[in-house]
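[1] Take this sequence and fold it.
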Amino acid sequence: MTHSFDVIVIGGGILGTSISYFLSFLNKSKKIAVIEQAHNVAFHTSGRNTGKVHAPYLYNPEKKKLFAKSSFRGYEMWETYAKLKKLPFKKDGVIEVALDEKGINVLEKYLRWGKQNGLEDNSIELFNKEEMKKIEPEIKCESALCVYKDASTDYSLLTNSIMKDSKESGTTFLLDTRVTKIEKEKDRWTITLNDDHKIYAKFLINAAGGESVDIAHDVGVAKKVTDVHFRGEYWKTPKEYNNLTKSSVYSVPEFPEYPFLDPHWILRVDGSCEIGPNAVPVFSPYGYDKIENIKEFIPKMLEMLGSGARKAIFDKQFQELVMNEIQSSMSKTTMVNRVKKFLPKIEADKITEKGTAGIRSSIIDENGKFVPDVIQIDDEASFHILNYNSPGATGALPFAAHIVNHLNEKGLFRCEDLQAQCGPWKFNEIIEKIK
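    From the prediction side, this is the model:
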């Protein structure tokens, strides 16, 4: 095995793999590696989500301009890539419903945002409840925003394909490999893998998702923030519900400042339907079961109590929301009833099979507030991406290109050919579209 690399990406999720994809096409003479502790890429959050390719109607065009552009361009790029590789991509749209006057005001805001972010009039429309009844008879609401430029896919398949292309361009993928120690020695990083052997890198990119904060802390950056983990659970619905709606259905979030999502009605790319996700607090980015959570409970609680997360833990509204999410995990009926508010036809006793759970990690700052945006940190010989959540999968390709271009412009990691052809796209043309 090669022991020295020009750049190492920690994390083989959809973002880390996409970063390696562009790096490999732009730097034919440099050695690039991706370290992923799971046995395959996109094994955790990147492959355990709703599979939606989101249109940019949820993102404030002033405050979240980069995310909005990444979402807008990401849709086009994934559609092109899926067609090229013959991978699933279904244009099935999404409907955001309002159940009260407050929600209607939010939908009106989303409509403005969507158009400001590039959605054309025929891509997004707002309907009152009578109009909606004619379009989707089973949906009960006061108003609904229909977003036609929304799709379903399988991000696990897409990420695996991106990995294959990256490998063919020269990237080394070290799977089943955990980073257990990182040290800076003079002009290079020494990275210990699986407590066993060492590899070396001139530059380090931290795209480790649920462990990105821990890695940042290990190298001395982002010390004032901490992360909290939430397990999103799903229930599969019986086939008799598969044609209940033509699109996935989301409801306006009641508490947008918190990472708690009311469960959605989700149409999967294979035609099946699910309810989910909720957001159950867990103590590990891999807290899918009791054993892992018990093992990590004490160290995680000590970390949170010694950080800004302490303020969130003792906030009464946060505590109430946490209890509601725990209840939705313990009671299938509680979770299904949230969806029954806008899809009254579904019955909890007909839903018997659980779907795949995924874990989302959110960052809390030193003031006890949830950070709404991605955090990008330049360091002398490293770059860190923290809090990369929704629309993370949708925008992964253009956002990865943005990161690679940013590193080049800052002189942190110089690329050899910014006009290189990267699969179906020229790199410089991607950058022009998202700038």
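[2] From the rest of the structure, what touches the biggest strand by length in the chain?
    Secondary structure of the chain per DSSP state E: the longest strand is strand 197-206. If you take Cβ atoms under 8 Å, 6 or more residues apart in numbering as the criterion, strand 197-206 is touched by 1-11, 16, 19, 33, 182, 187-193, 212, 215-216, 219, 381-386, 403, 407, 412-413. Glycine gets a C-beta too; all of them are placed from N, C-alpha and C.
[3] same thing with stretch 270-281?
    Applying Cβ under 8 Å, 6+ apart, the set of residues contacting stretch 270-281 from outside is 50, 88, 228-237, 239, 241-242, 244, 259-261, 263-268, 322, 325-326, 328-329, 335-336, 339, 346, 351, 355, 357-358, 360.
[4] any idea which element Ala312 lies in?
    Counting by DSSP states H and E, the element that carries Ala312 is helix 309-313.
[5] What residues sit buried inside that helix?
    Ala309, Ala312, Ile313 (16 or more other Cβ atoms under 10 Å).
[6] How about stretch 406-417?
    Leu407, Asn408, Leu412, Phe413, Cys415.
[7] sec struct for Leu261, please.
    What DSSP: H, G, I helix; E, B strand; the rest coil gives for Leu261 is coil.
[8] Is it correct that it is in contact with Glu254?
    No. The criterion here is Cβ atoms under 8 Å, and Leu261 misses it with Glu254 at 9.8 Å.
[9] out of the two, which sits in the busier spot?
    Leu261 (22 against 14; other Cβ atoms under 10 Å).
[10] Which residues are in contact with that one?
    Taking Cβ under 8 Å, 6+ apart, we find Leu261 in contact with Gly232, Pro253, Pro277, Asn278, Ala279.
[11] Now flag whichever of those residues is closest to Leu107.
    The shortest approach to Leu107 among the contacts of Leu261 belongs to Pro253, at 11.9 Å (Cβ to Cβ).
[12] in which helix or strand would I find Asp214?
    Asp214 belongs to helix 212-218, assigned by DSSP H and E.
[13] Identify the residues contacting that helix?
    By Cβ under 8 Å, 6+ apart, the residues outside helix 212-218 that reach it are 10-11, 179, 182, 206, 208, 222-223, 225-227, 361, 363, 377, 384-386, 388.
[14] Doesn't Val41 lie inside a strand?
    No. Read with three-state DSSP, Val41 is coil and lies in no strand.
[15] And what about the nearest residue to His264 once chain neighbours are set aside, helix, strand or coil?
    Among residues not flanking His264 along the chain, Tyr250 sits closest, at 4.7 Å (Cβ to Cβ, 6 or more residues apart in numbering). Secondary structure, three-state DSSP: Tyr250 is strand.
[16] Show me which of the contacts of stretch 270-281 are buried.
    50, 228-237, 241, 244, 259-261, 263-268, 322, 325, 328-329, 335-336, 339, 346, 351, 355, 357-358, 360.
[17] Among those, name the ones in helices.
    Judged by DSSP state H, the subset of the buried ones among the contacts of stretch 270-281 located in helices is Val322, Glu325, Ser328, Ser329, Met335, Val336, Val339.
[18] now, which of the residues you listed sits nearest Val94?
    When those are compared for distance to Val94 (Cβ to Cβ), Val339 comes out closest, at 14.4 Å.
[19] How much space separates the closest one from Thr171?
    When Cβ to Cβ, to the nearest Å is applied, the distance between Val339 and Thr171 equals 41 Å.
[20] Report the rounded mean pLDDT for the longest helix anywhere in the chain.
    For the chain, the helix with the greatest residue count under DSSP H is helix 65-85. Helix 65-85 comes out with an average pLDDT of 95.
[21] hey, C-alpha coordinates of stretch 243-259 in CSV?
    The C-alpha trace of stretch 243-259 is given here as CSV (Å, rounded to 0.1, in the frame of the first residue of the first chain):
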residue,chain,number,x,y,z
ASN,A,243,-50.8,5.0,-5.1
LEU,A,244,-52.3,7.1,-2.3
THR,A,245,-50.5,10.2,-3.7
LYS,A,246,-48.5,11.0,-6.8
SER,A,247,-45.8,12.9,-4.9
SER,A,248,-44.1,12.9,-1.5
VAL,A,249,-45.8,15.1,1.1
TYR,A,250,-44.1,17.3,3.7
SER,A,251,-45.7,19.5,6.3
VAL,A,252,-44.4,23.0,7.3
PRO,A,253,-42.1,22.5,10.3
GLU,A,254,-43.5,23.9,13.5
PHE,A,255,-40.1,24.6,15.1
PRO,A,256,-37.7,25.4,12.2
GLU,A,257,-34.9,26.6,14.6
TYR,A,258,-34.6,23.0,15.9
PRO,A,259,-33.5,19.9,13.8
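[22] Separate out the buried members of the contacts of helix 212-218.
    The neighbour-count test (16+ other Cβ under 10 Å) marks 10-11, 179, 182, 206, 208, 222, 225-227, 361, 363, 384-386, 388 as buried among the contacts of helix 212-218.
[23] And those, which is closest to Tyr286?
    Tyr286 lies nearest to Ser361 out of the buried ones among the contacts of helix 212-218, by Cβ to Cβ, at 10.6 Å.
[24] Spatially nearest residue to the closest one (excluding sequence neighbours)?
    Gly210 (4.3 Å).
[25] wait, isn't that neighbour in contact with Ile363?
    No. With contact defined as Cβ under 8 Å, Gly210 does not count as touching Ile363 (11.1 Å).
[26] follow-up on the earlier one: pull out the buried positions in the longest helix of the chain.
    Buried, per 16+ other Cβ under 10 Å, within helix 65-85: 66-75, 77-79, 81-82, 85.
[27] Where do the helices of the protein begin and end?
    Assigned by DSSP H, the helices in the chain fall at 14-26, 65-85, 101-116, 129-135, 155-168, 212-218, 290-305, 309-313, 316-330, 332-340, 396-409, 427-434.
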